[in-house]
Every structure is written in structure tokens, then in C-alpha cells.
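Asker: Kindly return the folded structure for what I paste below:
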Amino acid sequence: MSLHKVFVYGTLKRGEPNHHWITDTSKGLSRFIGVGKTIKKYPLVIGTKYNIPFVLDSPGQGHNVVGEVYEVDESMLHHLDILEEHPTFYTRETEEIELYAENIRSECWIYLLKKFKPEMLEQQHFADYSSSGDHGLVYAERYQREPSYNYKQDVMP
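Answerer: Predicted coordinates:
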């Protein structure tokens, strides 16, 4: 069985609204490896009226983004691709991640937003995402969103 390491930085983390996706055994296998951060700096922003976290593909700007590393099988990776709308919205790429506990670096998949409006770079950049953070930008789950609203229009050029 082929296993992959995936770095999650937003709503898939423990305690966040979409964490159930990565722990749902009907979608495949996943195992929490540890907490880490990107070696490169990236802008992590919270955007749209639904307060969705995005890591913008603009290396060198922002912060070393903090997140969690999971080891997943092919089936789980496929389901994460569906959630993240890879490759039409987010793009899944490999990135070097430093795992805190082991103090080692590891290549992991990360979902980056490649096509975004330039003004998104002007938004506040975060190092560590939490839907219940001091920023007050609570994530709106899909069932809470207007069915006719296309959030991509707020993000993509």
C-alpha cells in the first residue's frame, strides 16, 4: 500500500470544522504524524465572506505556516483532492516541512492556491490558522453557505 504525507494548515487540523474528513475511515486511512511548519514562508490568509483559509502560492511572503502532517493512503488522498478541488481550484504540490517533535524535515503534499486575485496578498497574513482565533473570522461550513453563491469569484482572477 502506497502512503503519502500531507501537510494541512486550515480546517482539516484537529479541532477545526473539517477535521472529520481526514479521520473518516470510510474515505481511507490516515495517521497523525505531528505538528510542523513550512520551511518556506507563505501568505496564509482568511478570505471570502465564508472565512476560508488559503495558502497563496507566493513563496517568500508571509510566515512559516504551522500545520499538521498526516500519513494517508491513496484513497484518502483522492478524497482530500475532492474536498480541495484539486487541480481546478487548489493545486497539490510537494513542500518541505519541518516536524517539531522529530526536528526533521520531510517532503509533504500541501494544497496551494495558485490562481488568486493580487489584492489577496494585501490581507492579513497568519502563521497558524484557527477558525476560533482572535481574528473573529469564523469559518462557515458548506451547509451554512448560500447555495447560489460562488466563493471562487472572490478569490480567482
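
Asker: Mind checking the pLDDT average for stretch 76-93?
Answerer: Mean pLDDT, stretch 76-93: 96.

Asker: tell me which element residue 154 is part of?
Answerer: Using DSSP states H and E, residue 154 sits in helix 152-155.

Asker: can you give me the strands in this structure?
Answerer: Assigned by DSSP state E, the strands in the chain fall at 3-8, 30-42, 44-47, 52-55, 63-73, 90-99, 104-113.

Asker: Buried ones in the helix holding residue 154, by neighbour count?
Answerer: Under the neighbour-count criterion of 16 or more other Cβ atoms under 10 Å, helix 152-155 has residue 155 buried. (C-beta placed from N, C-alpha, C; glycine too.)

Asker: ditto for stretch 28-47
Answerer: 28, 30, 33, 35-38, 41-47.

Asker: Widest-spaced pair of the residues you listed?
Answerer: Comparing every pair within the buried residues of stretch 28-47 by Cβ to Cβ identifies 28 and 41 as the most remote, at 31.1 Å.

Asker: ok, residue 56 touching residue 42?
Answerer: Yes: using Cβ atoms under 8 Å, residue 56 is in contact with residue 42, at 6.7 Å.

Asker: Overlap of the contact sets of these two?
Answerer: By Cβ atoms under 8 Å, 6 or more residues apart in numbering, residue 56 and residue 42 have these common neighbours: 62, 112.

Asker: Run a quick neighbour tally on the closest residue to residue 45 other than its chain neighbours.
Answerer: Spatial nearest neighbour of residue 45, excluding adjacent residues (Cβ to Cβ, 6 or more residues apart in numbering): residue 123 at 4.3 Å. Neighbour count of residue 123, defined by other Cβ atoms under 10 Å: 14.
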